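Student: need the 3D shape of this:
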Amino acid sequence: MPQPNNPQQVKLDAAVAGPLFMLAAALLFTMLNMLVKLIGPAFTIWHIGWYRFFGGAAVLLLVFGRQGNPYRGHNTRLLIIRGFTGSAAFLSIVTAIRLLPVSTALVIFYAYPAFSAVFSYLIYGERISRAEIACIAVVVIGIAVLFDFSLDGNLFGQLMALSGAAFAGLTVTLIKTLREKNGPVIIYLYFCTMGMLVTFPQFAMAPLVPSTVTEWAMVLGIVFVSVTAQLLMNQGFFYCRGWEGGVFMSSEVIFTAIVGIAFLGDPASWRFWVGGFLILGSAVALNRFKANTMKREKRLEQAS
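Tutor: Numbering: from 1, shown residues only. Got it, this is the predicted structure:
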């Protein structure tokens, strides 16, 4: 196939490829959310987690394991820590999805950029601007709106969604260091491996094997949809900047809300729309502000 010789054409292809990869990943993550919500109640979070992590590790080892030791990476300790925090984020949001309307769980979960900003300050000493502090405050207000300004309703589900956001924010922060010398495959492989270690004890105490064609289809769907979505998202980041990828990935909330409200009967009260708008809008703004900060720091480094 002939390669484009026009630099403008190459730029256009990248501009199209980035959003396509990200939106495709967001759609697949929406499908994953639906599978987690709809799979039978006999499958606990430990069963779902075990099959997702074991299946993901098996696929990665099958595809990339022939190229030497697949676990050979830089900063193994941090890879392991990131694997555990990512596993905790996944198990928390799965618990929330099982207990709450899936659209509400995802809206709360997408408060993670606010937690990422706080962890970046605590771990790396990155400055938080006034605009970013304002965005974090708006996220808190949005969460309060979704919680109906009181600690009632399905409090445990709400707290698990918030816990998932916190762990996801920490995970995103740690990936900043890991990306310097590690590729996306090894980071994801450690994530799956640590997730296997976390979920195996509970899975082994009450092992459950799919018994029907439908259950097999859903379990295999969870495995392959999650792996494909992750790889598409990683590929998308080659074509767009970090904040742009975050904006495109936030469409997962919109897709999930549409499916949840239209097909699962999720409630669409004013609290959902107002709280969701405040959280999602602030998350998008935080990504943009962070990108501007990184640009200014890079210009200062080049000038010095």
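
Student: only C-alpha atoms for contact and neighbour calcs from this point on.
Tutor: Noted.

Student: most centrally placed residue in this structure?
Tutor: For the chain, the residue nearest the mean C-alpha position is Ala168 (6.7 Å; Cα atoms, centre = their mean).

Student: hang on, it packs against Gly83?
Tutor: No: between Ala168 and Gly83 there is no contact under Cα atoms under 8 Å: 11.0 Å.

Student: show me where the stretch 151-300 of the chain has its helices.
Tutor: Using DSSP state H, counting those that start in this stretch, the helices of the stretch 151-300 of the chain run over 155-178, 184-205, 213-236, 242-249, 251-263, 270-303.

Student: can you give me the buried ones in the helix or strand hosting Val36?
Tutor: Applying DSSP states H and E as the criterion places Val36 in helix 7-38. In terms of neighbour count (16 or more other Cα atoms under 10 Å), helix 7-38 has its buried residues at 14, 17-37.

Student: same thing with stretch 194-212?
Tutor: Across stretch 194-212, burial judged by 16+ other Cα under 10 Å covers Met194, Gly195, Met196, Val198, Thr199, Phe200, Phe203.

Student: skipping its backbone neighbours, what lies nearest the second one in space?
Tutor: The one in question is Gly195. Ser87 (5.1 Å; Cα to Cα, 6 or more residues apart in numbering).

Student: what strand or helix carries that neighbour?
Tutor: Using DSSP H and E, Ser87 sits in helix 76-99.

Student: hang on, the earlier thing: name the residues that touch the following helix or strand past the helix holding Val36?
Tutor: Using DSSP H and E, the helix or strand that follows helix 7-38 in sequence is helix 45-64. Residues from elsewhere that reach helix 45-64, judged by Cα atoms under 8 Å, 6 or more residues apart in numbering: 36, 70, 90-91, 94-95, 185, 189, 191-193, 195-196, 199-200, 202-203, 207-208, 219, 222-224, 226-227.

Student: and helix 45-64, what's its mean pLDDT?
Tutor: Regarding helix 45-64, the rounded mean pLDDT is 93.

Student: run the angle between that helix and helix 213-236 for me.
Tutor: For helix 45-64 against helix 213-236, the angle by axes from the mean of the first three to the mean of the last three Cα atoms, to 10 degrees is 60 degrees.

Student: any idea of the angle the helix holding Ser87 forms with helix 7-38?
Tutor: Using the same axes, to 10 degrees: helix 76-99 against helix 7-38 is 60 degrees.
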